[in-house]
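In: the amino acid sequence is not available; the structure is as follows:
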């Protein structure tokens, strides 16, 4: 089948890989003018890790990973206030765990298909017409093309979902925070393999030292702190973050100074996607477009890879019966994904507690992480994947 995939991030190229393995002809359609690497650091484990292993990409992915040793929560002075050794995650994942920039993971996956799949960069789907025996897809710059099915792998603010399902606001469920991330060079404070974070009520500023003298900075703030609509241009983003974090203390002003020299900032609401049905006719959603667990969940990328693998597997298992494949894909995954979303909502409040008492309670909880049964109780639901990845023989 000819399959249009909107989005060339993680989910789209991963799906293209498995569709190529099963004899289909995928086309990736990406709004950005070129492939975008870099980005914030993610933790990678669980079923997504298993999918990467089945793709034969795990050794290369691990070369991009960081051996994080500690999550360190600090006081305004920079002295350690709380935290824990990241070995607790390695134990819970049986040492199948790494941390790496999301864009570098995406690049490894994209490189595995870029010479085999048609990719239209700088292009956007403007209309989708499902006429029963196929789908007509209109492109902003490239006319109208016929496909057997369309896949929305284009993130939380999915264009495909908007065109087929309707208004974005109907499916986006805010978690209560915004997040901003950027990379800077030559930042004066570096703690190798330590994720360092400072929190005030409703605010969090964190940093992680990366290779090549780069530092990732992550700001999190409660929604109420943003006094204007979500900014999209670089200058307005910088002005908003200065307004929110200038008087936070610790290293916030140094981070903001470093931000002034960066050419790219990720800034968005922290939200989940809640779509009652992941498919309509010959169009289906995967990744954050279908069921974003939220950026703070930590496993969204791996879950997106899992959804891509299962969709391709169910298409193969059904012999190309699109309705049957879509139905089986959703039935297998939805209960698991909904549990992940539930855990993410519970976990989000610990990232930037809104009161001093909440910060104290969160900090005290980190001291319990050295006791395995208590660590399992505190974060077990977030880390452990209660899902058996099917073997489709593909």
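Out: Received the coordinates, thanks. Fair warning: this is a prediction, and the values are worked out from it, not measured in the lab.
In: could you use CA atoms for every contact and neighbour count after this?
Out: Will do.
In: could you tell me how far stretch 129-141 lies from the centre of the chain?
Out: Offset of stretch 129-141 from its chain centre (Cα atoms, centre = their mean, to the nearest Å): 28 Å.
In: do the same with stretch 186-203
Out: Centroid separation for stretch 186-203 versus its chain: 21 Å, with Cα atoms, centre = their mean.
In: contact partners of it?
Out: With Cα atoms under 8 Å, 6 or more residues apart in numbering as the test, stretch 186-203 has contacts from 66-76, 204-210, 213-215, 219-222, 245, 248, 250, 258, 352-356, 359.
In: go again with 6 Å.
Out: 68-74, 204-209, 213, 220-222, 352-356 (Cα atoms under 6 Å, 6 or more residues apart in numbering).
In: so residue 71 touches residue 83, yeah?
Out: Yes. Counting by Cα atoms under 6 Å, residue 71 touches residue 83, with 5.3 Å between them.
In: where are the low-confidence patches of the stretch 201-350 of the chain?
Out: Across the stretch 201-350 of the chain, the ranges flagged by pLDDT under 70 are 296-298.
In: show me the helices in it, by range?
Out: Under the criterion DSSP state H, counting those that start in this stretch, helices of the stretch 201-350 of the chain are mapped to 234-245, 252-259, 288-291, 300-317, 322-348.
In: of those, which stretch is the most buried?
Out: For the helices of the stretch 201-350 of the chain, average neighbour numbers computed from mean count of other Cα atoms under 10 Å are highest in helix 288-291, which has a mean of 28.
In: contact partners of that helix?
Out: 155-156, 158, 273-274, 278.
In: before we move on, back to that, buried among the contacts of stretch 186-203? Need that as a selection in ChimeraX.
Out: This is the ChimeraX syntax for the buried subset of the contacts of stretch 186-203, where burial follows 16 or more other Cα atoms under 10 Å:
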select :68,70,71,72,73,74,204,205,206,207,208,209,220,221,222,352,353,354
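In: which ones among the contacts of stretch 186-203 lie within strands?
Out: If you go by DSSP state E, those have 70-74, 204-209, 220-222 in strands.
In: ok, of those, which one's closest to residue 166?
Out: The closest of these to residue 166 turns out to be residue 222 (Cα to Cα; 27.4 Å).
In: which residues touch the closest one?
Out: Taking Cα under 6 Å, 6+ apart, we find residue 222 in contact with 176-177, 202.
In: can we see that at 8 Å?
Out: Counting by Cα under 8 Å, 6+ apart, residue 222 touches 176-178, 202-203, 352, 354.
In: and residue 287, by the same measure?
Out: Residue 287 makes contacts with 11, 153-155, 300-301, 303-305, 307-308, as judged by Cα under 8 Å, 6+ apart.
In: the contacts of residue 222: which two are farthest apart?
Out: Maximum pairwise distance in the contacts of residue 222, criterion Cα to Cα, is 13.3 Å, between 178 and 354.
In: show the average pLDDT along whichever helix or strand residue 49 is part of.
Out: Element membership of residue 49 [criterion: DSSP states H and E] is helix 46-54. For helix 46-54, mean pLDDT is 94.
In: pull out the buried residues from the helix or strand following it.
Out: On the C-terminal side of helix 46-54, the closest following helix or strand by DSSP H and E is helix 58-63. Neighbour-count burial for helix 58-63, counted by 16+ other Cα under 10 Å, picks out 58, 61-62.
In: ok, which stretches of the stretch 1-150 of the chain are helices?
Out: Assigned by DSSP H, counting those that start in this stretch, the helices in the stretch 1-150 of the chain fall at 11-21, 46-54, 58-63, 87-92, 102-111.
In: among the ones you listed, which is the most enclosed?
Out: Highest mean neighbour count among the helices of the stretch 1-150 of the chain (mean count of other Cα under 10 Å): helix 11-21, with a mean of 25.
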